[in-house]
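Trainee: Quick check, what structure comes out for this input:
(2 chains)
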Amino acid sequence: MTRNLPSAFVSLIIAFCVVSIANGNLRAVGQDAVDSFRCFNMYLDFNNASFEENYLMMGAVAKQIEYLSGDSDVSEFSAYMAGYSTSAESHKRTGRDALHWAETGAEWLQSSVSTRNKPFTGLQLAAYIYADRILPHSSSRLVREQMLKIYAVWLASGGGSGSVNHGSATLYQDYLALDHEGRDNYILGQLQQTWVPE
Amino acid sequence: MLNLSTAVFRQLLSWPMLLSGALWLALAYNLSFDEHLGAASLGAFLSYIVLALSALILRFGYVLQQRRQQGWLRQDSLRGTTARAVISETVAAMFALLLLVVCSQLIVLALSPRLNVQSESHHIVMSRVESDNSWSFAWDDNIPAGSKLCLTFDFENSPKGVFESYIAVKELSAPVIAGEIFYWPLSADNVLDRTITLEAPAEHNISLIRPIARLVIERPPISALPRLLLNQLLFFFTVIALCLFIFRRLKVNGNLASMGALAISSLTNIKGSYLFPDVGALVASGLRFERTALTTSNIALFTWLAIGAILIYFSCKNPVANKK
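Mentor: Numbering: from 1, shown residues only, chains lettered A, B, ... in the order given. Have a look, this model is predicted:
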């Protein structure tokens, strides 16, 4: 009986570790390799989904990649493809279909703003999707407000560290100098100036 | 002793094992640094190496068990050579791990892969609002010195004409400009305390766009790989010692001993546990490894190595001889 005690003790420790790993309270040595491998497979899935133009799959996989590796680029790419690029007129989509995907793309970008590693990335794209793809087909006041809010947040966040628009701080300060109504018109003016029509 | 070490080493790394190791390295390299797929991450490569080292520990346990079944342990105790046998086994296991580590370093050195172009990574930290103009941030892990806190402030409700404010932490302060990202370099004290409280002047009425901040941590460059791999080797030294102690002193089955050693060493990853020194960062790996990599303090490292040395010392003692 006492001879088996050490073995029982070691087995107990192993069992405790297994349960803790299953609960998510402990990371075993070498466990990160599983996540790395999962992420590699997700990139494969994302590429396949992108090739097949399966946007829902792209969006779902991009979220998981973002969660595992912190890479937001895939998430933005899927939102861009679904919500902006392929909802253009040149893609011969029905208006309803294009609007649906534009809304979906904007929603993906908005829903991950708080969890994204870089808060500023994607906000400009979301504002452009609203301005160029959603607003022309929707008379909702909420949509307009949402667009203005997103663009204001993008201006406040400096356009991101990788932003090509180095003058965004000046833009934001010009925006702040205006009264509430003037601010909305200022954003609309900015959006009209900067987005590239097809 | 050299002959004994060589014998254990050859038993540990037989030809099929060497071939599997080479294949694993090639696979790990491709999975981690593929140009079209994957995050081109050094952390991913390190995670595959940690897995291979863990597999070697399991193999070590298996070899120990085989040697027990062949009667070598009995001979050791009869001839009074237990200490030499334990040291030989430790040396053989360390050399096996060293071979894998050196090969993984060589493969990266020879092929010099391209890493993620972004030299910094961002990690989310939630804010605890202290008051309307004060925010507190706390994080669990040791983070590298020189990390920064990245914040985005909203001047939407500030008085007209206020485009600039400042953020103060104790006596220090830094300007915040409307429309620019604010970076606060974390001091050694902040890194040690794992918390920081920022304060803005109440009259400027600025607020965080979202109640979160990002820890901006520099990714270790590829030139840091030798140090990262050496850290892994040092971590596994004590794992080998644990395995030998459980096997020799507690007389547990070799396979179970190696699994137990890995399980016990995993307990170092439990946050806030004072049972073991904080050495989990020695084997920091994975896609977000930069958050904790190279943060182990010298005290923790030397305590961990001392634990390993003590375990080997106790494993060297022959229990039968003691009874006499």
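
Trainee: which residues of chain A fall in strands?
Mentor: Assigned by DSSP state E, the strands in chain A number zero.

Trainee: Helices of that one, residue ranges please.
Mentor: Listed from the start of the chain, chain A has helices (DSSP state H) covering A:5-23, A:32-51, A:55-69, A:73-80, A:95-111, A:123-128, A:141-156, A:168-176, A:180-194.

Trainee: Let me know which of the ones you listed is tucked in deepest.
Mentor: Across the helices of chain A, the average number of neighbours (mean count of other CB atoms under 10 Å in any protein chain shown) peaks for helix A:123-128, which reaches a mean of 24. In short, each C-beta sits where N, CA and C put it, glycine included.

Trainee: For residue B:276, see how far away the closest residue to chain A within the stretch 101-250 of chain B is.
Mentor: In the stretch 101-250 of chain B, the residue found nearest to chain A is residue B:179; the distance is 3.0 Å by CB to the nearest CB. From residue B:179 across to residue B:276, the span is 47 Å (CB to CB, to the nearest Å).

Trainee: re earlier: want to throw the helices of chain A into JSON lines with mean pLDDT?
Mentor: Output for those, formatted as JSON lines (pLDDT from 0 to 100):
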{"stretch": "helix A:5-23", "mean pLDDT": "93"}
{"stretch": "helix A:32-51", "mean pLDDT": "92"}
{"stretch": "helix A:55-69", "mean pLDDT": "90"}
{"stretch": "helix A:73-80", "mean pLDDT": "89"}
{"stretch": "helix A:95-111", "mean pLDDT": "85"}
{"stretch": "helix A:123-128", "mean pLDDT": "86"}
{"stretch": "helix A:141-156", "mean pLDDT": "87"}
{"stretch": "helix A:168-176", "mean pLDDT": "85"}
{"stretch": "helix A:180-194", "mean pLDDT": "83"}
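
Trainee: do you know which of those helices lies nearest residue B:301?
Mentor: Distances from residue B:301 to each of the helices of chain A were compared by CB to CB, and the smallest falls on helix A:32-51, at 20.2 Å.

Trainee: residues in contact with the closest one?
Mentor: Helix A:32-51 is contacted from outside by A:55, A:57-58, A:61-62, A:64-65, A:68-69, A:74, A:77-78, A:81, B:31-32, B:34, B:36-39, B:41, B:43-44, B:46-48, B:50-51, B:285-287, B:289, using CB atoms under 8 Å, 6 or more residues apart in numbering or on different chains.

Trainee: which non-adjacent residue is nearest residue 84?
Mentor: Going with chain A. Taking CB to CB, 6 or more residues apart in numbering or on different chains as the measure, residue A:84 lies nearest to residue A:129, with 5.4 Å between them; neighbours along the chain are not counted.

Trainee: meant chain B, my bad for not saying
Mentor: residue B:1 (5.2 Å).

Trainee: can you count the residues close to that neighbour?
Mentor: With neighbours defined by other CB atoms under 10 Å in any protein chain shown, the count for residue B:1 comes to 12.

Trainee: Comparing residue B:179 and residue B:276, which shows the higher neighbour count?
Mentor: When residue B:179 and residue B:276 are compared for neighbours, residue B:179 comes out ahead with 24 against 18, by other CB under 10 Å.

Trainee: The more buried one reaches residue A:173, doesn't it?
Mentor: Yes. Taking contacts as CB atoms under 8 Å, residue B:179 lies within contact range of residue A:173: 6.0 Å.

Trainee: tell me which element residue B:109 falls in.
Mentor: helix B:82-111 (DSSP states H and E).

Trainee: so for the helix or strand just after that helix, what's the average pLDDT?
Mentor: Of the helices and strands lying after helix B:82-111 in sequence (DSSP H and E), the nearest is strand B:120-131. Taken as a whole, strand B:120-131 has an average pLDDT of 84.

Trainee: Check the offset of strand B:120-131 from the chain's centre.
Mentor: 23 Å (CA atoms, centre = their mean, to the nearest Å).

Trainee: Specify the next element, helix or strand, located C-terminal of it.
Mentor: Read in the C-terminal direction, the helix or strand following strand B:120-131 is strand B:134-138, with elements assigned using DSSP H and E.

Trainee: partners of the helix or strand following that next one, with directions?
Mentor: Once the chain leaves strand B:134-138, the next helix or strand it forms, by DSSP H and E, is strand B:148-151. Take DSSP bridges as the rule and strand B:148-151 pairs in its sheet with strand B:182-185 (antiparallel), strand B:212-218 (antiparallel).

Trainee: and chain B, what are its domains?
Mentor: Structural domains annotated on chain B: B:2-117+B:222-323, B:120-218, as defined by automatic domain parsing.

Trainee: any idea how far the closest residue to residue B:140 other than its chain neighbours lies from residue B:292?
Mentor: With CB to CB, 6+ apart as the measure, residue B:271 is the residue that lies nearest to residue B:140, at 5.2 Å, once sequence neighbours are left out. Here the distance between residue B:271 and residue B:292 works out to 11 Å (CB to CB).

Trainee: which residues are common contacts for those two?
Mentor: By CB under 8 Å, 6+ apart, the residues touching both residue B:271 and residue B:292 are residue B:141.

Trainee: Which one of the two is surrounded by more residues?
Mentor: residue B:292 (23 against 10).

Trainee: So what's the predicted local confidence for that one?
Mentor: Turning to residue B:292, the model gives it a pLDDT of 91.

Trainee: So it sits against residue B:142, correct?
Mentor: Yes. Counting by CB under 8 Å, residue B:292 does reach residue B:142; the two are 6.0 Å apart.

Trainee: shared neighbours, those two?
Mentor: When contacts are counted by CB under 8 Å, 6+ apart, residue B:292 and residue B:142 have residue B:281 as shared neighbours.

Trainee: Now for the residue nearest to residue A:84: which residues touch it?
Mentor: Neighbour list for residue A:129: A:79, A:83-84, A:102, A:105-106, A:109 [criterion: CB under 8 Å, 6+ apart].

Trainee: Alright, that wraps it up for me.
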